[in-house]
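1. Can you look at this prediction? I've put the sequence above it.
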Amino acid sequence: MATIARVSVTATGRVVEIPTGLFINNEFVPSVDNQDLIDVYNPATEEKICSVVGASAADVDRAVKAARDAFNTTWGKNVSGFERARLINKLADLIDRDKDELAEIETLNNGKPFKIARDFDIGDTISCLRYYAGWADKIAGQTLEVDKNKWAYTKHEPIGVCGQIIPWNYPINMWSWKVAPALAVGCTIVMKPSEITPLTAQLLSKLIVEAGFPPGVINHVCSVGNVGGAAISAHMGIDKVAFTGSTVTGRKIMESAARSNLKKVTLELGGKSPHLVFESADLEEAAKWVCLGILYNSGQDCSAGSRLYVQDTIHDKFVSLLVQRAKELVIGDGFDEKSGGGPVVSKMQYDKIWSYIESGKADGATVVCGGQKRTSKGYYVDPTIFTNTREDMKIVKDEIFGPVLVVGKFKTEEEAIKLANDTSYGLGAGLHSNDAGQCLRVSNALESGTVWVNQYNLLTNNVPFGGKKQSGIGRELGSYAIEEYTSVKGVHWNYGEKLAWPL
Ligand SMILES: NC(=O)C1=CN([C@@H]2O[C@H](COP(=O)(O)OP(=O)(O)OC[C@H]3O[C@@H](n4cnc5c(N)ncnc54)[C@H](O)[C@@H]3O)[C@@H](O)[C@H]2O)C=CC1
Ligand code: BAL
C-alpha cells in the first residue's frame, strides 16, 4: 500500500509524515505485484519505526520506463544546463530549509548523532548539490582541428538512464554523491536506497516534486538488494549503474552488467585502510585524527582507517594517547547532545562486528580499549582497540565496518609502506609525519585512491574519491564524477574536401 507513515520523533516532539510508497514519475505508488512491506528500525531502541513499500523487478521496469520517457522528452538533451542548475539549486535550498527534519529522520533510522547528521551528512549534501549545479551549465566538449577542410568537435552527452544503488552508512549523503553529478549532466535516475535506511530518500522525493523536477527524472525504488538491486544491475534499459557497498555485492553487479547490456559500471567498495604514524609526527594531533578515522560514523565508513601502524620508537606512548582520546568520545543515543557517536545501524551489523571482536580475542590480540558488550538496549559498540596483532588475523585482514582498530608496529619507512599496501583493498590511507620528504615519498608509494597527510577522513566536493584494487572502479566527486555520467561523441565535419572516387 502506498500511504503516509506518521513518525514521531520522541526526542524533539516532531511528527514527520513520511510517504511509504515507491516514487515513480513524481508520484508515490504501491508495488504492482509485491505485497511484502519492508520494516524499518531505530538502531538505538531496536524498535520498528514504520514500513515502506518494497519494489519488485516489475516496479523497477516501471521506474526505468519513467526515467527513459523523461530522458527523451523533458530532460536529457532537451533541457539546458542553466535550467538543470536552477532545479538542482532549488532542491539544495529545500533540503537546507528542511535540514532539521531530515536530520532527525536520519538519526532515527541510522543512529548517527543528530548534530552530525544535520551539519555534516546534510550540510555536505546541500553543498554537493550546489557544487554540481555549478557544473551543469559548464559541460562542454572540445573543438579539434583536422585539416584545412575539416574539423571535429566532441559533445559531452548524458549517458542516459542511470541505476544507482546506495548503502545505509550515509543514506542522504551517498544519495547526493550519486544524484547530483548525474542530474548536472542530464541523466535520469532510478535510485535504490538501502532497505535498512530508506526514510530520508522517501522525504527527498517530496522535495523533488516541490523543486519542480519533471516527472521521471528521479525515481526511488526502495527494495531488498537481491530483488531491486539485482533488477537494476541486469536491466537492459539502464545505461549505467553506480554502486556503493560491499565488494561482494559490487562483484555481482559487475557480472550482471556484463551479462545483460554491458552497461557502464562504477563501484565504490570496501576497504581496510592503513593509517601510519611516524616518530616525527605531532602525536597529540595524530591521536585525534586516528580516532576520527576509525570512530567517525561508528566505523561504518568505507575508508575508515582501520589498520594503524605506529613506528616502534613511539608505539607505547602513542597507544596510550590514543586510548585516552578514544575513551573521551561519548557513544550514546543520537538525540543526546553529548553523543559523538551512535549505535551501529542494524542487528546484522552489530552481530558481525562482535563476531570480529571475539575472533580477535580468540586469536590472542590484546584489547586495550572497549571490547565489552553493553547490557542495555540498542546496537552499541564502544570504541575497541587491539594491540599485539598479527598480519594473518581476521581482524587485520577483513573489513569489519565498525569502531574496531587494530594496531601494529613498524621500524622503517619501507616496512610501513609494505604493511600498508599488503591488502586487496585500496580506498584510503593516512600518514602523520613532520618530515615533508617522508610525506611525499610515502603518499606516492601508498596504493590507494585517497591519501590523507596529517589528517584523515575529510573530503571536499571538488576532490575525487574512489578506490584502487578491489576497492572499486571509477571516481565520485569533483569533475571526475561528471565524466562517469558522460558519453563523449566525436563529430567529424567536412566543409570542403571532395572524396576521390573510386578509391
Ligand atoms: N563501501 C561502503 O560504503 C559500504 C560497505 N559495506 C560493507 O558491506 C558489508 C555488508 O553490508 P550490506 O548492507 O549487506 O552491503 P551490501 O553491499 O550488500 O549493500 C549495499 C547496497 O547494495 C544492495 N544490494 C545487496 N545485494 C545486492 C545485489 N545482489 N544486487 C544489487 N544490489 C544489491 C543493498 O540493498 C544496498 O542498497 C558491511 O558490513 C560492510 O563491510 C556496507 C555498506 C556500505
Ligand atoms: N566515506 C565516504 C563514503 C563511504 O563511506 O561510503
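-> Structure received. Ligands and ions are numbered 1, 2, ... in the order given.
2. Excluding covalently adjacent residues, which one is nearest to the spatially most central residue of the chain?
-> In the chain, the centroid-proximal residue (CA atoms, centre = their mean) is M174; its distance is 4.1 Å. Nearest non-adjacent residue to M174, counting by CB to CB, 6 or more residues apart in numbering: I166, 4.3 Å away. Glycine gets a C-beta too; all of them are placed from N, C-alpha and C.
3. if I look at the one you found, how far off is ligand 2?
-> 9 Å (CB to the nearest ligand atom, to the nearest Å).
4. That residue contacts I189, doesn't it?
-> No - checked against CB atoms under 8 Å, the pair I166 and I189 is beyond contact range at 11.3 Å.
5. overlap in contacts of those two?
-> Counting by CB atoms under 8 Å, 6 or more residues apart in numbering, the contacts common to I166 and I189 are K178.
6. Which residues belonging to stretch 126-137 are considered buried?
-> 126-133, 135-136 (16 or more other CB atoms under 10 Å).
7. Show me the contact partners of that stretch.
-> With CB under 8 Å, 6+ apart, stretch 126-137 has contacts from 80-82, 84-86, 88-89, 91-92, 95-96, 99, 173, 176-177, 179-181, 183-185, 461-462, 477, 479, 481-482.
8. out of those residues, which are inside helices?
-> 81-82, 84-86, 88-89, 91-92, 95-96, 99, 173, 176-177, 179-181, 183-185, 479, 481-482 (DSSP state H).
9. Stretch 162-172 near ligand 1 anywhere?
-> Yes - interface with ligand 1: stretch 162-172 contributes 165-169 (CB under 6 Å from any ligand atom).
10. just the buried members of the residues you listed?
-> Buried, going by 16+ other CB under 10 Å: 165-169, out of these.
11. Among those, which are located in helices?
-> Going by DSSP H, the helices hold none of those.
12. and which of those residues is nearest to A211?
-> Nearest to A211 out of these is I166 (CB to CB; 19.8 Å).
13. and the closest one, what are its phi and psi?
-> Note on I166: backbone dihedrals following degrees, to the nearest 10 are phi -120, psi 160.
14. Name the SS class of R62, please.
-> Under DSSP: H, G, I helix; E, B strand; the rest coil, R62 falls in the helix class.
15. Chain neighbours aside, what residue packs nearest to it?
-> I24 (5.6 Å).
16. Show me the beta-bridge partners of that neighbour.
-> E27 (DSSP bridges).
17. what's the spacing between it and S223?
-> 12 Å (CB to CB, to the nearest Å).
18. what sits in contact with each of those two?
-> With CB under 8 Å, 6+ apart as the test, I24 and S223 both reach D59.
19. These two: who's more crowded?
-> It is S223, of I24 and S223, that has more neighbours when counted by other CB atoms under 10 Å, with 30 against 24.
20. Look at that one and tell me its secondary structure.
-> coil.
21. neighbours of the nearest residue to it once chain neighbours are set aside, just the number please.
-> Distances taken as CB to CB, 6+ apart put A55 closest to S223, at 3.9 Å, once the chain neighbours are dropped. Residues near A55, counting by other CB under 10 Å, number 34.
22. Going forward, the N-terminal residue is numbered 446.
-> Sure, I'll start counting at 446 from here, so that last one is A500.
23. what's the spacing between A500 and A675?
-> 11 Å.
24. Find the residues that touch each one of those two.
-> Counting by CB under 8 Å, 6+ apart, nothing touches both A500 and A675.
25. hey, where'd the strands end up in the stretch 846-948 of the chain?
-> Applying DSSP state E, counting those that start in this stretch to the stretch 846-948 of the chain gives strands spanning 849-855, 873-877, 895-898, 917-918, 931-939.
26. List the residues that contact the residue nearest to S668.
-> With CB under 8 Å, 6+ apart, A500 has these contacts: 467, 476, 479, 508, 637, 666-668, 672-673, 676.
27. List just the nearest of these to D880.
-> Checking those against D880 with CB to CB, the nearest one is K637 at 46.2 Å.
28. check contacts around the closest one.
-> K637 sits in contact with 500, 608-611, 665-668, 673-674, 677, where contact means CB under 8 Å, 6+ apart.
29. is it in a bridge, and if so with what?
-> I610.
30. can you count the residues close to the residue in the chain positioned nearest to ligand 2?
-> Going by CB to the nearest ligand atom, ligand 2 is nearest to C747 of the chain, at 3.6 Å. As a burial measure, C747 scores 26 neighbours (other CB under 10 Å).
31. and it, which of the three is it?
-> Strictly by three-state DSSP, C747 counts as coil.
32. give me the number of residues near the residue lying closest to it once chain neighbours are set aside?
-> Of all residues not flanking C747 in the chain, G716 sits nearest, at 5.3 Å (CB to CB, 6+ apart). By other CB under 10 Å, the residues close to G716 number 31.
33. V452 - nearest residue in space that isn't next to it in sequence?
-> Per CB to CB, 6+ apart, closest to V452 is V461, 4.9 Å.
34. same thing with S650?
-> Counting by CB to CB, 6+ apart, the residue nearest S650 is F468, at 3.9 Å.
35. hang on, isn't the one you found packed against P643?
-> No - contact between F468 and P643 fails when scored by CB under 8 Å: they sit 10.3 Å apart.
36. which neighbours do the two share?
-> In contact with both F468 and P643: H665, using CB under 8 Å, 6+ apart.
37. sorry, back to before: now render the contacts of A500 as a markdown table, adding distance to ligand 1 and pLDDT.
-> Shown next, in a markdown table, are these (distance: CB to the nearest ligand atom, whole Å; pLDDT from 0 to 100):
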| residue | distance to ligand 1 | pLDDT |
| --- | --- | --- |
| L467 | 15 | 98 |
| S476 | 16 | 97 |
| N479 | 15 | 86 |
| A508 | 15 | 98 |
| K637 | 6 | 98 |
| V666 | 11 | 98 |
| C667 | 9 | 98 |
| S668 | 7 | 98 |
| V672 | 9 | 98 |
| G673 | 7 | 98 |
| A676 | 8 | 98 |
